[in-house]
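In: what's the 3D shape of this:
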Amino acid sequence: MSRRSPFVALAVAETLSISGTRLSSVAIPWLVLSTTGSPVLTGLVAMMEMLPYVVAKALGGPLIDRLGPKRIAIICDSASVIAVGLVPVLHLLGLLTMPILLPIVFAMGVLRGPSDAAKQSMVPDIAELASVPLERVTGVAGAIERLASAAGAAGAGALIALVGPSQALAVNALTFAAAAVVVAAGIPQLRRAPKPEATGIAVYGRELAEGWRFLRRDAVLVAIVLMVATTNLLDQAFGAVLLPVWTQTSGHGPALLGTMFAVFSGASIIGAVIAAMIGERLPRLAVYTVAFLLTGFPRFLVFAVETPLALIFTTLAIGGFASGFLNPILSAVLFERTPKNLIGRVTSLNAALCWALLPFGGLVGGALVDAWGLSTALLLTGLAYLAATLAPLAHSSFRGFDKRRIADASPS
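Out: Below you'll find the model as predicted:
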């Protein structure tokens, strides 16, 4: 096996799992919206997946550091095959109701959180194996994430139109199965934790607390968490409720919804590829700030006012391109500042905190639409997004973005 083979395997596994997850993120809201007609119920289902996702991701860090990210990824992806596969099976049997769908979606979130965290925590080890700059690996990983999102979104629209939203999820189950096989066959045991001298809830709690203490003492990472948590909340409101409602009320179908997601994700691939090529030479903070400004408010504005589809797609393409620079920068900063022995815990906690408000995004979007209508809801969320993206200009903590450093072997 060559030094870069594990990265290829991780890239393939990420492509499979992310594209499948993107498919479900379109199919499940569309299933609920088309069967109930309720934006609030659509938001509730989104919350029922994202809330356990966040909690499971936060709590899974010690297990990732102790058992290894490879084992966690295989276990969770394999179990996800069963959870996701229940939806099309129950639909065929005529047994799929909201009281049954909600716990299934809950289980999907519980399994996907640790799986995503485990794959993310593999990145610094794979960068070391491949002997390439961390920004290049995070940039390539970002491009893969965007490519998979674009493929999943485009495929979702076509599949939903062809076979319906519930049956489209059968493809999601297959992608999780394939991802588990690729990780098992193509990625070595990258990081073996020493055998614990003791086990139990108390030891687990101490390990989790160690990661938390490191994270909360780093001003740069705290600033990232606060900003990204806010924008994730608003992105979820937009993607899970506001955009599907706009698509439906405008007389369009799921194919257009999937195409819009695909255009945004497709353009972001180009941005992520450029970040991978020249990321180590870019001024991180300036690029991060400008990228967030282009990604956020304009996207909400064009849907809030009467706008031709051509301008909507142009805005989505520009925002998508800018967004491609964000995750490579954020990931590089996180990995540089985190000791290897804490990677699983700190990256899991960081991701979970960044996603902490996301489960409520769908409910916020649904409540705003019910209270003030779609256009006002889009404007309010867009203005809140703009305020959040101005944070790097107002807070000194963000200045640490441009101070590249390699974390010590142990927390300070």
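In: for the protein, what spans make up the strands?
Out: Using DSSP state E, the chain contains no strands.
In: Could you list the low-pLDDT ranges of it?
Out: Within the chain, the stretches with pLDDT under 70 are 1-3, 130, 133, 135, 146, 149-150, 153, 190-200, 279, 402-412.
In: what about Ala276, distance to Gly68?
Out: When distance is defined by Cβ to Cβ, to the nearest Å, Ala276 is 26 Å away from Gly68. All C-beta spots, glycine's among them, are computed from the backbone N, C-alpha and C.
In: Can you get me a residue count around the closest residue to Val305 other than its chain neighbours?
Out: Spatial nearest neighbour of Val305, excluding adjacent residues (Cβ to Cβ, 6 or more residues apart in numbering): Ser375 at 7.3 Å. If you count neighbours by other Cβ atoms under 10 Å, Ser375 ends up with 14.
In: same thing with the one 5 residues further on?
Out: In terms of burial, Leu380 registers 18 neighbours under the definition other Cβ under 10 Å.
In: mind checking how far it is from Leu242?
Out: Counting by Cβ to Cβ, the gap from Leu380 to Leu242 is 10 Å.
In: now Leu357
Out: Taking Cβ to Cβ, one finds Leu357 at 16 Å from Leu242.
In: just Ala322 next, same as before
Out: For Ala322, the distance to Leu242 - Cβ to Cβ - is 20 Å.
In: More neighbours: which of the two?
Out: Leu242 (29 against 21).
In: what residues are up against the nearest residue to the more buried one once chain neighbours are set aside?
Out: Nearest non-adjacent residue to Leu242, counting by Cβ to Cβ, 6+ apart: Gly365, 5.0 Å away. Residues near Gly365 by Cβ atoms under 8 Å, 6 or more residues apart in numbering: Pro39, Gly43, Gln236, Ala237, Phe238, Ala240, Val241, Leu242, Ala377, Thr381.
In: Could you rerun that using 10 Å?
Out: By Cβ atoms under 10 Å, 6 or more residues apart in numbering, the contact set of Gly365 is 39-40, 42-43, 46, 233-234, 236-245, 374, 377-378, 381.
In: Show the buried residues in these.
Out: 39, 42-43, 46, 233-234, 236-245, 374, 377-378, 381 (16 or more other Cβ atoms under 10 Å).
In: can I get the CA coordinates of stretch 232-247 in CSV?
Out: The C-alpha trace of stretch 232-247 is given here as CSV (Å, rounded to 0.1, in the frame of the first residue of the first chain):
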residue,chain,number,x,y,z
ASN,A,232,-25.1,26.8,10.9
LEU,A,233,-28.4,27.6,12.6
LEU,A,234,-29.4,30.0,9.9
ASP,A,235,-28.1,27.6,7.1
GLN,A,236,-30.3,24.8,8.5
ALA,A,237,-33.3,27.1,8.5
PHE,A,238,-32.6,28.0,4.9
GLY,A,239,-31.9,24.5,3.6
ALA,A,240,-34.4,22.4,5.6
VAL,A,241,-37.4,24.7,5.5
LEU,A,242,-37.1,28.1,3.8
LEU,A,243,-35.7,26.9,0.4
PRO,A,244,-38.1,23.8,0.2
VAL,A,245,-41.1,26.1,1.0
TRP,A,246,-39.9,28.6,-1.6
THR,A,247,-39.6,25.9,-4.2
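In: so how far is Phe300 from Leu379?
Out: 7 Å.
In: quick one: which of those two has more around it?
Out: Phe300 (25 against 18).
In: quick one: the more buried one and Val183, what's the gap?
Out: According to Cβ to Cβ, Phe300 stands 37 Å off from Val183.
In: How about His395?
Out: Look at His395 and Val183: by Cβ to Cβ, they are 38 Å apart.
In: Pick out whichever of these two has more residues nearby.
Out: Ranked by neighbour count (other Cβ under 10 Å), His395 and Val183 place Val183 first, with 29 against 13.
In: which ones are touching the more buried one?
Out: Counting by Cβ under 10 Å, 6+ apart, Val183 touches 6, 9-10, 12-14, 16-17, 69-74, 77-78, 115, 118-119, 122.
In: repeat that for 6 Å
Out: Ala13, Ala73, Ile74 (Cβ atoms under 6 Å, 6 or more residues apart in numbering).
In: closest to Asn172 among those residues?
Out: Set against Asn172, the nearest of these by Cβ to Cβ is Ala13 (14.6 Å).
In: and the closest residue to Ile82 other than its chain neighbours, how many neighbours?
Out: Spatial nearest neighbour of Ile82, excluding adjacent residues (Cβ to Cβ, 6+ apart): Ala173 at 8.0 Å. Residue neighbour count, defined by other Cβ under 10 Å, stands at 21 for Ala173.
In: My read is that Ala173 contacts Val87, right?
Out: No. Assessed by Cβ atoms under 6 Å, Ala173 is found out of contact with Val87, at 8.6 Å.
In: what's the distance between Pro392 and Leu293?
Out: Taken as Cβ to Cβ, the span from Pro392 to Leu293 is 10 Å.
In: more crowded one of the two?
Out: Pro392 (22 against 18).
In: Pull the contacting residues for the more buried one.
Out: When contacts are counted by Cβ under 6 Å, 6+ apart, Pro392 touches Thr289, Phe398.
In: Also Ala377?
Out: Residues in contact with Ala377, defined by Cβ under 6 Å, 6+ apart, are Leu368, Val369.
In: Now with 8 Å, please.
Out: Neighbour list for Ala377: Ala237, Leu242, Gly365, Leu368, Val369, Ala371 [criterion: Cβ under 8 Å, 6+ apart].
In: Now that we have these, can you turn them into CSV and tack on distance to Ser34?
Out: Formatted as CSV, these follow (distance: Cβ to Cβ, whole Å):
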residue, distance to Ser34
Ala237, 19
Leu242, 16
Gly365, 17
Leu368, 21
Val369, 16
Ala371, 23
